[in-house]
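Chemist: Just a sequence and a predicted model for now, questions to come.
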Amino acid sequence: MRAARPLRQVGDAPRSSAPRGPGAAPRGPGAGRLAAPLGWGASVAVATGVVAVVDPHVPGRYPACPLLALTGLACPLCGALRATHDLAHLDVAGAFAANPWWVVVASGLVAAWAVWTLRAWRSALGRPAGRRAGPWPVRVPPRVVAVAVGASAAVFGVARNVPALENVLGPGG
């Protein structure tokens, strides 16, 4: 007669007979969470690679900004492709000349992606969240970040079209 197997409790992970070696993918409570930041990172890396290779400084390579073409007003993202190209080639001064707002926002996006990836990795390894990584002990709600970025875009969009500031904030490059 066989001994009865103990019943699984709620929250127990199913057992697998698959061997786990040193190169095996992490399997923890949040292993699936790592796919999203890595997928976004790969997509942005490919897009940045395209912009790095296909120079937006050459006219006709990319479509013109519709707002600039129709009204003559520069939107907050005018010059962002040139700034991204310059950043990909480590030309920070050229990137700031093309679009200083985008340089700051892109840097913040890269930092946010790094924190997201680190937290997903820790979750995939099954490590407890405990104290949050990074200098900020509290998470900033995404809605607050979206409002701050939107407000800064609006302020920058207006400021870059003021004639006295056009030489400094206009889409140069």
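Modeler: Structure's in. What do you need?

Chemist: For the rest of this, base every contact and every neighbour count on C-alpha atoms.
Modeler: Will do.

Chemist: So for stretch 49-59, mean pLDDT?
Modeler: Regarding stretch 49-59, the rounded mean pLDDT is 94.

Chemist: which residues touch it?
Modeler: R61, Y62, L81, R82, T84, H85, D86, A88, H89, G173 (CA atoms under 8 Å, 6 or more residues apart in numbering).

Chemist: and those residues, which of them are in helices?
Modeler: With DSSP state H as the criterion, helices contain L81, R82, T84, H85, D86, A88 from among those.

Chemist: if you skip the residues just before and after it, what's nearest to the fifth one?
Modeler: Nearest residue to D86, sequence neighbours excluded (CA to CA, 6 or more residues apart in numbering): A95, at 5.2 Å.

Chemist: Now that neighbour: phi and psi?
Modeler: Main-chain torsions, A95, degrees, to the nearest 10: phi -70, psi -40.

Chemist: quick one: least confident helix or strand in the protein?
Modeler: Ranking every helix and strand in the chain by mean pLDDT, DSSP states H and E puts helix 166-169 at the bottom, with a mean of 86.

Chemist: For that helix, which residues meet the burial criterion?
Modeler: V168, L169 (16 or more other CA atoms under 10 Å).

Chemist: and it, how far out from the chain's middle?
Modeler: 27 Å (CA atoms, centre = their mean, to the nearest Å).

Chemist: just to revisit the earlier point, per-residue confidence for the residue nearest to D86?
Modeler: On the pLDDT scale, A95 gets 94.

Chemist: count of neighbours near it?
Modeler: Applying other CA atoms under 10 Å, we find 26 residues neighbouring A95.

Chemist: shaky segments in this structure?
Modeler: Applying pLDDT under 70 to the chain picks out residues 1-31, 128-138, 173.

Chemist: angle of the helix or strand encompassing V50 against helix 80-88?
Modeler: V50 belongs to helix 35-53 when assigned by DSSP states H and E. Put simply, helix 35-53 runs at 90 degrees to helix 80-88, going by axes from the mean of the first three to the mean of the last three CA atoms, to 10 degrees.

Chemist: Can I get the least confident helix or strand of the chain in PDB? Just the C-alpha atoms.
Modeler: Extracted C-alpha coordinates of helix 166-169, given in PDB (Å, rounded to 0.1, in the frame of the first residue of the first chain):
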ATOM      1  CA  GLU A 166      13.900  80.600 -30.100                       C
ATOM      2  CA  ASN A 167      17.700  80.700 -30.600                       C
ATOM      3  CA  VAL A 168      18.300  78.800 -27.300                       C
ATOM      4  CA  LEU A 169      15.300  76.400 -27.200                       C
END
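
Chemist: All set, thanks.
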